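>>> The following block contains a protein sequence and its predicted model.
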Amino acid sequence: MAKVVVFANQKGGVGKTTTTVNIGAYLAEAGHNVLLVDFDPQGNLSSSLGITDTKNSIYEAMMEQIPVEKAVQKTPQKNLDILPSNLNLSGATVELSKADKKESLQYLKKTLSSLKSHYDYILIDCPPSLGVLTINGFIAADTVIIPLQCEYFALEGLKYMYSMTIKRIQKSVNPDLKIGGIIFTMYDSRTNLGKEVIKSVQETFKQHPEMVFHTVIPRNIRLSEAPSHGLPINLYDAACIGAKCYEKLTEEVIARV
């Protein structure tokens, strides 16, 4: 059965989608069968892999308009499939609000259940919020990984999400949810701020150093360019520093998850 990992952060622009797609690509390159789930109405995960036909998406599957298998598509990377998203997903919060509260939080888990035996890893990219879609992601997952941009406001959001959201999910609806760790992204070695953010997070979790991944993802222009070509970084420029860091980070993920 697949290991289900959700990538979440209430703040946008922290490298969440970039991290999801590139860890997925390197897991696939290592020979694992991987499914990416684009659970953000913006559909950036889908477009970053060149997926333009999203008529059949996670929304239609979740609302039982189509079998979920019909929505799964291949990507340019061998062993890497995607369950794409479209703007219809933005209306899912309305649909879910009509359902029983407990049922409304289980939709994604139920939708993915028939796919778990076909993959080694299922990676979920959630929207930058702590709304009903992200909560569905937490409940569907075995592990949550938190990409964190090396900036002050991202650090403040981390404290809230960790203490007020993830802990509550663990206590109430998904006691088996594990925290895989925090990934530092968009690190700029030329500034003191990035170093201070890393130091602050390490100090916050000094009693639990396993909460922080060792590999730090730097700011890298090739990582920014790859989505516009519809490719993960290993297919776009495997020699760049961003690619090397994501390859190393994926090794950590395999060891932890």
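All right, it came through fine. Residues are numbered from 1 along each chain as shown.

>>> which outside residues touch the lengthiest helix in the chain?
When the chain is parsed with DSSP state H, its longest helix is helix 241-256. Helix 241-256 is touched from outside by 5, 19, 22-23, 25-27, 30, 145, 180-181, 183, 210, 213-218, 220, 222-223, 233-234, 236-237, with contacts defined as CB atoms under 8 Å, 6 or more residues apart in numbering. For glycine as for every other residue, the C-beta is placed from the backbone atoms N, C-alpha and C.

>>> Buried among those residues? Need that as a selection in ChimeraX.
To isolate the buried subset of the contacts of helix 241-256 in ChimeraX, counting by 16 or more other CB atoms under 10 Å, use the following:
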select :5,19,22,23,25,26,27,145,180,181,183,213,215,216,217,218,220,223,233,234,236,237
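
>>> Can you tell me which of the contacts of helix 241-256 end up in helices?
Going by DSSP H, the helices hold 19, 22-23, 25-27, 222-223, 233-234, 236 from the contacts of helix 241-256.

>>> between these, which is nearest Leu123?
Distances from Leu123 to the ones in helices among the contacts of helix 241-256, taken as CB to CB, are shortest for Ile23 (6.7 Å).

>>> For the closest one, give me its contacts.
Ile23 touches 123, 246, 249-250, 253, counting by CB under 8 Å, 6+ apart.

>>> try 6 Å
Counting by CB atoms under 6 Å, 6 or more residues apart in numbering, Ile23 touches 250, 253.

>>> what pLDDT does it get?
According to the per-residue confidence, Ile23 scores 98 in pLDDT.

>>> now the one 3 residues further on
According to the predicted model, the pLDDT of Tyr26 comes to 98.

>>> May I see the buried residues of the longest helix of the chain?
242-247, 249-250, 252-254.

>>> tell me the mean pLDDT for it?
Taken as a whole, helix 241-256 has a mean pLDDT of 97.

>>> Would you mind writing the CA trace of that helix as CSV?
C-alpha atoms of helix 241-256 as CSV (Å, rounded to 0.1, in the frame of the first residue of the first chain):
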residue,chain,number,x,y,z
ILE,A,241,22.4,22.9,-7.7
GLY,A,242,18.7,22.8,-7.2
ALA,A,243,18.4,19.4,-8.8
LYS,A,244,21.3,18.0,-6.7
CYS,A,245,19.6,19.3,-3.5
TYR,A,246,16.2,17.8,-4.3
GLU,A,247,17.9,14.5,-5.2
LYS,A,248,19.6,14.5,-1.8
LEU,A,249,16.4,15.6,0.0
THR,A,250,14.5,12.8,-1.6
GLU,A,251,17.0,10.3,-0.1
GLU,A,252,16.1,11.8,3.3
VAL,A,253,12.4,11.5,2.6
ILE,A,254,12.8,7.8,1.7
ALA,A,255,14.7,7.2,5.0
ARG,A,256,12.1,9.1,7.1
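
>>> which parts of stretch 25-38 are buried?
25-29, 32-38.

>>> Return the two entries of the ones in helices among the contacts of helix 241-256 that lie farthest from one another.
Leu27 and Arg222 (19.8 Å).

>>> quick one: terminal-to-terminal distance for stretch 228-235?
13 Å (CA to CA, to the nearest Å).

>>> switch to numbering from 55
Got it, first residue is 55 now, which makes that one stretch 282-289.

>>> what's the burial count for Lys163?
Neighbour count for Lys163, taken as other CB atoms under 10 Å: 17.

>>> For it, which residues are in contact?
Lys163 touches 193-194, counting by CB under 6 Å, 6+ apart.

>>> Kindly provide the distance from it to Asn142.
Separation of Lys163 from Asn142 (CB to CB, to the nearest Å): 20 Å.

>>> Quick check: end-to-end length of stretch 189-204?
Note: stretch 189-204 ends 24 Å apart using CA to CA.
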